[in-house]
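Enquirer: Just need the structure, nothing else, for what follows:
(one chain, ligands or ions: 2)
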Amino acid sequence: MTRPTIVMGGSKLVVAQELRPLRAKLSLVVPVLNEQDTVGKFISAVQLALSNEPNIDLEFIFVNDGSSDETLAVLLELQLKNPQVCVVDLSRNFGKEAALTAGLDFSTGDAIVPIDVDLQDPPELLSEMIARWRGGFDVVLAQRSSRSSDSILKRWSALAFYRMHNLLSEPEIVENVGDFRLMDRVVVDALRRLPESRRFMKGLFAWVGFRWTVVSYERPARSAGESKFNGWRLWNLALEDMTSFTTAPLRVWTYIGGLIALSSMSYATYLIIRVWVRGIDVPGYASVFVAVAFLGGLQLLGIGVLGEYLGRTYIESKGRPIYIARRVYGRGHPLKESIDDETNILKGLSA
Ligand code: UDP
Ligand code: MG
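Expert: Ligands and ions are numbered 1, 2, ... in the order given. Okay, the predicted model is just below:
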């Protein structure tokens, strides 16, 4: 018998085929915010894409992230018709990262895929991802081969983000890979052990590691509705990443401070020698003003960076839950019994 090879991050087939059950359950974790026009299309597209996978049982975990339109009503209607659908209704908008966390908590599949509802993460890719997973990979990343559906500004800022992250933080994240990926149950269990409440999922996904491979795809435009991420939200997400995965912005001030102290000492020495040789001349007010303003700005910047970290430490120290589920609808999730109890209690009260 030949010894099977294990490849980290390559595209070669790896060991452990026998660990994957022939009949497997696939959980799709779908955060939704004001997506009444896209959910129906999404379910049909997934069912069509997986129609030739008879050994895959599907589970849809929709996390309603505080939608203010008819999304919840549409989801509940779908849930009544389709037992594969589970709806986790959050008590308000907690943001996509928290909604994803909720979805992972409620998923019960052998393999789990966080996926956007707007069909920008094409369900046609799922078959290939499942095949790679069956081949022994724990994580199958979906990489955008082009960003032609994004604006130039978004493309440029995304590139800058990945470069910056990989320059400063460990471990590296693969460029142009979003939340869309397939993860084995062990990976999700590992993720659920990470306690932080401020969660930058792309970073956490990378942090847990495991054997991974990449499949690439063309990212299409949204099926309907509009993007929820404007420039300001993306900037905050990038800040979240920086502060969660590197302390370089904190430490850099030691070096900036050192450099400035050193150059001011040299300048002072130069001034002393100049006075000594040429005597006292009229002082330059402009240069003094520039130096004061520059140093003042630099100090505020440093305090700002400290504040970013301190604020996050403060929030973490409260230990608040990452999200609050108002109610969970549908079968196949671990909290079913407790929710049933709650419903019965409510029924009893109203009887
Ligand atoms: N989303 C969410 N909560 C939010 C923002 C977005 O659950 O606070 C969901 C949204 O419904 C969609 C996914 O996250 O399913 C991706 O959002 P979007 O398509 O707006 O982002 P983009 O693809 O433009 O980056
Ligand atoms: Mg989208």
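Enquirer: Enumerate every residue touching the spatially most central residue of the chain.
Expert: The geometric centre of the chain, computed from its C-alpha atoms, lies nearest to residue 201 (CA atoms, centre = their mean), at 2.7 Å. Neighbour list for residue 201: 96-97, 100-101, 114, 179 [criterion: CB atoms under 8 Å, 6 or more residues apart in numbering]. For glycine as for every other residue, the C-beta is placed from the backbone atoms N, C-alpha and C.
Enquirer: Output the below-cut-off pLDDT ranges for the stretch 251-351 of the chain.
Expert: Scanning the stretch 251-351 of the chain for pLDDT under 70 picks out the ranges 331-351.
Enquirer: So which residues of it form strands?
Expert: Under the criterion DSSP state E, counting those that start in this stretch, the stretch 251-351 of the chain contains strands at 325-329.
Enquirer: and what of the stretch 51-200 of the chain?
Expert: With DSSP E, counting those that start in this stretch as the criterion, the stretch 51-200 of the chain has strands spanning 56-64, 85-90, 111-114, 139-146, 177-184.
Enquirer: CSV for these, including distance to ligand 1, mean pLDDT and mean neighbour count?
Expert: Shown next, in CSV, are the strands of the stretch 51-200 of the chain (distance: least, CB to the nearest ligand atom, whole Å; pLDDT from 0 to 100; neighbours: other CB atoms under 10 Å):
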stretch, distance to ligand 1, mean pLDDT, mean neighbour count
strand 56-64, 7, 94, 24
strand 85-90, 9, 94, 24
strand 111-114, 9, 96, 26
strand 139-146, 11, 89, 19
strand 177-184, 7, 92, 23
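Enquirer: With distance to residue 43 as extra columns, can I get those in CSV?
Expert: Compiled in CSV, those are given as follows (distance: least, CB to CB, whole Å):
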stretch, distance to residue 43
strand 56-64, 7
strand 85-90, 7
strand 111-114, 14
strand 139-146, 19
strand 177-184, 17
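Enquirer: for stretch 240-259, how far is the first residue from the last?
Expert: 28 Å (CA to CA, to the nearest Å).
Enquirer: contact partners of that stretch?
Expert: The set of residues that contact stretch 240-259 without belonging to it, under CB under 8 Å, 6+ apart, is 97, 161, 164-165, 168-170, 196, 198, 200, 202-203, 207, 298, 302, 305-306, 308-309, 312.
Enquirer: can you check stretch 162-172 too?
Expert: Taking CB under 8 Å, 6+ apart as the criterion, the residues outside stretch 162-172 that touch it are 173, 175-176, 203, 206-207, 209, 238, 241-242, 245-246, 248-249.
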